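Q: Whatever this is, show me its structure:
(one chain, ligands or ions: 2)
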Amino acid sequence: MPAPLQPVRGMRDLIGEDVRRHRHVAETARRIAERYGFEEWITPILEDTAVFARTLGETSDVVTKEMYTFTDRGGDSVTLRPENTAGVCRALVSNGLVQSLPRKVFYAGPMFRYERPQKGRYRQFHQIGIEILGAAEPLADAECIACGWDILCELGVAEGTALEINTLGDAASRESWRAALVGYFSAHREALSEDSRVRLEKNPLRILDSKDPGDRALLAAAPRMEEHLSAEARGFYEEVKRALRRLAVPFRENPAIVRGLDYYSHTAFEFVTDRLGAQGTVMAGGRYNGLVEEMGGPPTPSVGWAAGIERLAMLLPGAPPAPRPVAVIPAGEAAEDAALGLTQALRRAGIVAEIAYRGSMKRRLERANKTHARAAVILGEAELAAGIAQVKDLDSGAQEAVPIAEIAARLA
Ligand code: ATP
Ligand code: MG
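A: Ligands and ions are numbered 1, 2, ... in the order given. The predicted model follows:
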């Protein structure tokens, strides 16, 4: 016998309760996002490698270490999407939608990153996310965050989860801050991790995102963005905070929030929980003003977030229950056809109904218990002639003769 095949490392099958949790997260998010006026887009899982290489930053962790990139049969370099923001921006441009802004987009689907697998961290994982494309107003940032907060509330995971926000400033603020950081880190070069010494040369802001304990210790005394904010950027940030208060979204400021990708400016935010150990970020995003341009479109200021479905699914207070079927059970061969007909009538009336393909009445009752059926409808030959069947509540055991024409209404 050949050895049983396994899923690819870091990828897993979702079955049973896992699927119900997963679907509950995605469907709840979709419903709440719709309430805010977002429309769902479904973009391809595979994109031209340039879509990500151009936009996520040549030195970002995702691009340097985590992308699933390969050459297809036609010789083109393609990449399994590590995130969906770049794909949505690409789609905006490819579909000629840059004339009809703003657009509010929701998405849900699988993402792929070649990371070291651990609890809450997979190589195929799933995200929900929203993007507001073509809105430069701070109100867009606030509404985007408010929608995320409402989703967390609706999922029942808001307790123990906190919103942390920060501003990364505009280009001028960033340039001045960056220069200050280079000065500071250069003076402490010997204390930096090896990775961060490379970052210092290539992209010093990324040191702020380092998970190395030594780097993190240095960060405590590093120059702060706050001291380098232009008046305009400061005003923008104040507006975002004011709108958040009006939208009744609780937040705290955390100057350490910098986000791992290159394309952010102004608002950056994370929803963090203390309930998932090291994998504490459940939803993260910010404003990105140059991304659509990178795709060949016009300047399109935008803001959005993404959240890991797996992490949200783990936080859910409970798993949504599986639907409980009604088991239709013919007692004797002559009742088989009538049972099949009744099963279908129940389904078409919106009731979850199952009929076993074969077996004695006793076996079929056992199967009904196994599928956790809520009721059994037992069709005996004699009763059938009188147009009735026995409806048995499988929780209480109570049984009652019901006219066949009334069964659907009785079980609804
Ligand atoms: P981290 O710092 O944990 O690596 P990140 O900054 O790479 O996160 P984002 O790119 O902002 O994460 O993605 C948004 C969300 O997607 C994360 O907050 C997390 O919930 C989820 N996520 C990211 N990578 C993974 C993964 N490998 N497995 C499961 N979920 C993930
Ligand atoms: Mg990561």
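Q: From Gly96, how far off is the residue of the chain found nearest ligand 1?
A: When you check the chain against ligand 1 by C-beta to the nearest ligand atom, the closest residue turns out to be Gly308, at 2.5 Å. All C-beta atoms are positioned from the backbone trio N, CA, C, and that covers glycine. With distances taken as C-beta to C-beta, to the nearest Å, Gly308 is found 32 Å from Gly96.
Q: what about these two, which has more around it?
A: Gly308 (24 against 9; other C-beta atoms under 10 Å).
Q: quick one, what contacts the more buried one?
A: By C-beta atoms under 8 Å, 6 or more residues apart in numbering, the contact list for Gly308 reads 120, 125-127, 282.
Q: Around ligand 1, pick out the residues from the stretch 151-300 of the chain.
A: Remark: the part of the stretch 151-300 of the chain in contact with ligand 1 comprises 260, 279, 281-282, 284, using C-beta under 6 Å from any ligand atom.
Q: Going by neighbour count, which of these comes out on top?
A: Greatest neighbour count in those, by other C-beta under 10 Å, goes to Val282: 25 neighbours.
Q: Checking it next. Helix, strand or coil?
A: Here Val282 takes the strand state, with states given by DSSP: H, G, I helix; E, B strand; the rest coil.
Q: Report pLDDT for it.
A: pLDDT for Val282: 93.
Q: wait, isn't it in contact with Gly160?
A: No. Counting by C-beta atoms under 8 Å, Val282 stays clear of Gly160, with 10.2 Å between them.
Q: which residues do these two both contact?
A: Contacts common to Val282 and Gly160, judged by C-beta under 8 Å, 6+ apart, are Thr273.
Q: and Glu366, how many neighbours does it have?
A: Neighbours of Glu366 (other C-beta under 10 Å): 12.
Q: Tell me the first helix or strand C-terminal of the helix or strand where it lies.
A: Here Glu366 is covered by helix 361-370, with elements defined by DSSP states H and E. Next along the chain after helix 361-370, taking DSSP H and E as the criterion, comes strand 375-380.
Q: ok, that following strand: who's next to it in the sheet?
A: Sheet pairing of strand 375-380 (DSSP bridges) gives strand 326-331 (parallel), strand 388-393 (antiparallel).
Q: Would you convert those strands into JSON lines that also reports mean pLDDT?
A: Listed next are the strands paired with strand 375-380 as JSON lines, based on pLDDT from 0 to 100:
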{"stretch": "strand 326-331", "mean pLDDT": "95"}
{"stretch": "strand 388-393", "mean pLDDT": "96"}
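Q: most neighbours per residue, which of these?
A: The highest mean neighbour count among the strands paired with strand 375-380, using mean count of other C-beta atoms under 10 Å, belongs to strand 326-331: a mean of 25.
Q: where does Glu17 land on pLDDT?
A: 96.
Q: element containing Arg9?
A: Using DSSP H and E, no helix or strand contains Arg9.
Q: Look up phi and psi at it.
A: Per-residue torsions, Arg9: phi -50, psi 130 (degrees, to the nearest 10).
Q: what comes up buried for the helix holding Glu366?
A: 361, 364-365, 367-368 (16 or more other C-beta atoms under 10 Å).
Q: Out of those, which is nearest to Gly350?
A: Ala368 (19.7 Å; C-beta to C-beta).
Q: Setting the sequence-adjacent residues aside, check what's closest to Glu143.
A: Of all residues not flanking Glu143 in the chain, Tyr36 sits nearest, at 6.7 Å (C-beta to C-beta, 6 or more residues apart in numbering).
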